[in-house]
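Participant: predicted model and sequence below, questions to follow.
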Amino acid sequence: MRFRTLLLVAAAVLLLGKPALAQRVSLSAGVFSVQSEYRGSDARVLPMPVVHYEGDRFFLKNTEAGVWLWNDGVQKISLGATLLPQYFRASKSDDPAMKRLDNRNIIVLGTLGYELNTSFGSLRAKASGDITGTSDGFLASIDYAYPLNAGPLTVIPTGGVLFSSANFNDYYYGISRGESVRSGLSRYSPDASATPFLGVSADYALSDHWSLFASWKITFLGKEIKDSPMVDRSTQHIFGGGLPYSF
């Protein structure tokens, strides 16, 4: 509740923000393959966002949409909403015990973000809270990216840490007393955790408008997550690729 109030206060100061320096629009077709951390579950294949827009006041990128509270080209402060495509479907699991658990659903996060862009790279920080009331969880992340340019090719290595609250972890990885009785899995109630990640993305310009995009990310699951009886791995890989068209 306090995080939702903070979002409303931030929205009230929207008119104090500076406009962005330019508007950018791109359309893309592609997919992401997300390795599932859950026992007996196959990788999730998700469509890449179709529209990427960054304008004077509003933006739409990946699964997030929002407004700029401040954007002078060097520093950005944003307020938005993010669809978190994380879920578990018990009926889809190949593990008999996992089939007896409750589903975990996709949630929507209210987000406050800060980004600093310099010649030394980009530093980004974000705080997010579940505004659907599904998990009552909270996430915070910080990451650093440094673009490397070689003609038409741009490669961006990234590294960071994701902090997830006990409520978030409990919803997605905890096992209640009732679930434990039904499934035979041990009851589990995780605490908050820190999850480091590394990644790299590459964009190759084919023309003034067309390009090829590919990305890879590895997440090192925090102890509170990988110790869950629902989880059977310590790392998670995400692969993506697509063909963007920029206006």
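Facilitator: Here it is on my side, so go on.

Participant: pLDDT score for the residue most central in space within the chain?
Facilitator: In the chain, the centroid-proximal residue (C-alpha atoms, centre = their mean) is L84; its distance is 6.3 Å. Predicted confidence (pLDDT) for L84: 94.

Participant: verify the stated contact: it with G110.
Facilitator: No - with contact defined as C-beta atoms under 8 Å, L84 does not count as touching G110 (11.2 Å). C-beta coordinates here come from the backbone N, C-alpha and C atoms, glycine included.

Participant: for the strand or helix carrying H52, name the packing helices and strands.
Facilitator: Using DSSP states H and E, H52 falls within strand 51-54. Counting contacts by 3 or more C-beta pairs under 8 Å, 6 or more residues apart in numbering; DSSP states H and E, strand 51-54 is packed against strand 24-34, strand 58-61.

Participant: so for G184, which of these sits nearest?
Facilitator: strand 24-34 (27.5 Å; C-beta to C-beta).

Participant: mind listing what that closest one pairs with, with the direction of each?
Facilitator: As defined by DSSP bridges, the strand partners of strand 24-34 come to strand 44-47 (antiparallel), strand 51-54 (antiparallel), strand 235-246 (antiparallel).

Participant: send over that strand as CSV, restricted to the C-alpha atoms.
Facilitator: Taking Å, rounded to 0.1, in the frame of the first residue of the first chain, the C-alpha atoms of strand 24-34 are listed here in CSV:
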residue,chain,number,x,y,z
ARG,A,24,12.3,7.1,-31.3
VAL,A,25,10.0,4.3,-32.6
SER,A,26,10.8,0.8,-33.6
LEU,A,27,8.8,-2.3,-34.5
SER,A,28,10.2,-5.8,-34.0
ALA,A,29,9.4,-9.4,-34.5
GLY,A,30,11.1,-12.1,-32.5
VAL,A,31,11.0,-14.3,-29.4
PHE,A,32,12.5,-14.9,-26.0
SER,A,33,13.2,-18.4,-24.6
VAL,A,34,13.2,-18.4,-20.8
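
Participant: can you get me a residue count around the nearest residue to P147 once chain neighbours are set aside?
Facilitator: Excluding the flanking residues, the one nearest P147 by C-beta to C-beta, 6 or more residues apart in numbering is I156, at 4.8 Å. For I156, the tally of surrounding residues (other C-beta atoms under 10 Å) stands at 17.

Participant: what does P190 give?
Facilitator: 23.

Participant: cool, and E224?
Facilitator: 21.

Participant: quick one: end-to-end length of stretch 159-178, please.
Facilitator: 39 Å (C-alpha to C-alpha, to the nearest Å).

Participant: kindly apply the preceding question to stretch 174-192 instead.
Facilitator: Stretch 174-192 stretches 12 Å from its first residue to its last (C-alpha to C-alpha).

Participant: show me which residues of that stretch are buried.
Facilitator: Applying a neighbour-count criterion of 16 or more other C-beta atoms under 10 Å, one finds G174, I175, E179, S180, S183, L185, Y188, P190, A192 buried in stretch 174-192.
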